[in-house]
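Engineer: Dropping the sequence and predicted coords here.
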Amino acid sequence: MKLIHFADLHLGMENYGKTDPESGLSTRLLDFLRSFDFMVDYALEGKVDAVLFAGDAYKNREPTQTHQREFAKRILKLSKNQIPVVLLVGNHDTPNVASKANTLDIYSTLEMDNVFVIRTLQLIEIPLHNAEFAKLQVIGLPWLSRKEFENLAQTLPILYKNIKPEYPTVTVVHGTVEGAVYGSERALTLGKDPILPLPLLTHPAVSYVALGHIHKRQILSQDPPTLYSGSLERVDFGEEKEEKSFELVEINDQKKAKHQPILTPARRFLTLNFDLLGESFDPTEKILKVAQKSDLTETIVKVVLNISTENLERLRVAEIKKAIEEKAHLLAGITKNVERSVRQRLEGVSAETLSPLQALQIYFEAKEYPKEKIKVLEKYGRELMEEFKEIAG
C-alpha cells in the first residue's frame, strides 16, 4: 500500500509576490499551486492508494473564492482518479465560532466521492480501490479545542481499542507534538499551542503517524514512524534553508511502514549578506560583483548590509536594485544595518582624565540620544556609581 502524506498548504500566503501578467494572479499563489500540482501528479503517476492531508489548506479561515476554487480543482482530480483523500481540519481551517462551518466542510456537504473530512476526534474506515488491503483505518486528531485536548488521554485510547486488526491504521494529527522544533510558522499562530504527548500517539496498532502544523520536516519517532512532512512551499526567508517536500509512505503486508521525502519544486529564497564596514573600497562595486557571480534565476532575494555611515553615503542603491532585479524573480528589499562612527574630539582633553560620568555623557551625545533619555540614563548612572562607592567602602 502506498500513501502520500502532506500538510500546511496555506494557499493565500502571497508575501513576496507580484502580479502574473498572464493569469492576473499573484506569482506566490502560482508557486504554491505549482508544488501542489507536482504532488497531485506524483500521486497519479505513482498510483498511490490514498492521500492524507494533515491540515491548514489556507492562510486563514476565510479563504477567497479563487483560493477555494484552486484547492477544489486538485482534490477533485484525485477523487475522479479513484484516489481517496483524507482532509483533516487544521487551526487555519477552523472558524472562531463552533457553530460555523470550517473551510473544508463543503466537501462533506457535497458528499464528494473519495473525499473524507475529519473535523472531530474520530476513527474512520476508508475503502481502497487497488490496494492489497480492502480498507484503511484513519484516526483523525484535528485542531482540538482546549476541552478536547484536556480529555485526550481518556478519549484516544477508546479509539485504539476499536481498531480492527485485519486492516492497517494510520493516525493523522494537526498540532504540536512534544519534541518538535518550530520554524517560521510560529509567526502565523496566535497564543500558545497545547503540546501533545508523543507516547500517546505511538500506539503499537498504528502503522504510521502523519503530523501537520509545523512546516519543517522532522521525524519524532521511528516506531511507528511519526513525523511532520513539512510544507510544500516556502513561506518566507525563515524557511530559506529548508528543503520542501511531501512524504511517500509504503505499508507492507505486516502493516509496517517505511517512508521517504519527495522534494517539491519550491521557490528559492536567498539572503545576500555584506560586511561593508571598511573604508578602502567602493561598497556598490562589491555588491554588484557578488550579484553578477550569483545564480539568482527565479529566486526571491533579500540583501542585508552591515555598513558604516561613510559607506552608506557612497552607496548607489538604484544601481544595486536594477542589477538584482534584472537577474532575480523578485528583490524583497535591502536592509541597512548602519554602524555609526563614535569618534569624538575632546579638544585636547585626555580620555584618562575623564570621570566615568563625563565619559558616559560623551558616549550618549555621540549616539545622538534624545536629551530626555540622556537625563534618565545619567540619573541611573549616578545611582550605580554611588552604590559602587558604598560597596567598595
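Structural biologist: Yep, it's here.

Engineer: secondary structure element for the closest residue to Thr176 other than its chain neighbours?
Structural biologist: Residue nearest to Thr176 in three dimensions, not counting chain neighbours: Asp193, with 4.2 Å by CB to CB, 6 or more residues apart in numbering. (Glycine included, C-beta is placed from N, CA and C.) Under the criterion DSSP states H and E, no helix or strand holds Asp193.

Engineer: How many neighbouring residues does Asp193 have?
Structural biologist: Other residues within reach of Asp193, judged by other CB atoms under 10 Å, total 18.

Engineer: what sits against it?
Structural biologist: Asp193 is in contact with 175-176, 213, counting by CB atoms under 8 Å, 6 or more residues apart in numbering.

Engineer: tell me which of those is nearest to Val51?
Structural biologist: Distance to Val51 across the contacts of Asp193 (CB to CB) is lowest for His213, with 17.8 Å.

Engineer: Point me to the helix or strand that includes Leu211.
Structural biologist: Per DSSP H and E, Leu211 falls inside strand 208-212.

Engineer: Relative to the helix or strand just after that strand, what are the paired strands and their orientations?
Structural biologist: For strand 208-212, the following helix or strand on the C-terminal side (DSSP H and E) is strand 218-222. Sheet partners assigned to strand 218-222 using DSSP bridges are listed as strand 225-228 (antiparallel).

Engineer: Rounded mean pLDDT for the strand it pairs with, please.
Structural biologist: For strand 225-228, mean pLDDT is 98.

Engineer: Next, the buried residues of it.
Structural biologist: Buried positions in strand 225-228, judged by neighbour count with 16 or more other CB atoms under 10 Å: 225-228.

Engineer: In the stretch 151-300 of the chain, where is pLDDT below threshold?
Structural biologist: Scanning the stretch 151-300 of the chain for pLDDT under 70 picks out the ranges 184-191.

Engineer: show me where it has helices.
Structural biologist: According to DSSP state H, counting those that start in this stretch, the stretch 151-300 of the chain carries its helices in the segments 152-161, 198-201, 283-293.

Engineer: Can you give the distance of the longest one from its chain's centre?
Structural biologist: To tie it back to what came earlier, the one meant is helix 283-293. Centroid separation for helix 283-293 versus its chain: 31 Å, with CA atoms, centre = their mean, to the nearest Å.

Engineer: and what of the shortest one?
Structural biologist: The gap between the average C-alpha position of helix 198-201 and the chain average comes to 24 Å, counting by CA atoms, centre = their mean.

Engineer: Go through it and flag the buried ones.
Structural biologist: For helix 198-201, a neighbour-count test (16+ other CB under 10 Å) marks Leu201 as buried.

Engineer: so who does Phe133 touch?
Structural biologist: By CB under 8 Å, 6+ apart, Phe133 lies in contact with 1, 167-168.

Engineer: do you know how far it is from Lys192?
Structural biologist: Using CB to CB, to the nearest Å, we find Phe133 at a distance of 40 Å from Lys192.

Engineer: what's the nearest residue to Pro204 if we skip its chain neighbours?
Structural biologist: Excluding the flanking residues, the one nearest Pro204 by CB to CB, 6+ apart is Pro224, at 7.8 Å.

Engineer: Share the number of residues neighbouring the one you found, please.
Structural biologist: Close neighbours of Pro224, defined as other CB under 10 Å, add up to 22.

Engineer: Wait, it touches Leu211, no?
Structural biologist: No. With contact defined as CB atoms under 8 Å, Pro224 and Leu211 do not form a contacting pair (12.0 Å).

Engineer: which SS class is Ala72?
Structural biologist: Following DSSP: H, G, I helix; E, B strand; the rest coil, we place Ala72 in the helix state.

Engineer: could you dump the contacts of Phe133 to CSV with distance to Lys379?
Structural biologist: Listed next are the contacts of Phe133 as CSV, based on distance: CB to CB, whole Å:
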residue, distance to Lys379
Met1, 72
Tyr167, 74
Pro168, 71
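
Engineer: Pull out the buried residues from those.
Structural biologist: 1, 167-168.

Engineer: Gln358: which of those residues is nearest?
Structural biologist: Distance to Gln358 across those (CB to CB) is lowest for Pro168, with 77.4 Å.

Engineer: need the contact list for that closest one.
Structural biologist: Applying CB under 8 Å, 6+ apart, we find Pro168 in contact with 1, 133, 136-137, 207, 251, 255.

Engineer: Turn those into CSV, columns for distance to Arg28.
Structural biologist: Shown next, in CSV, are those (distance: CB to CB, whole Å):
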residue, distance to Arg28
Met1, 35
Phe133, 39
Leu136, 34
Gln137, 37
Ser207, 36
Ile251, 35
Lys255, 40
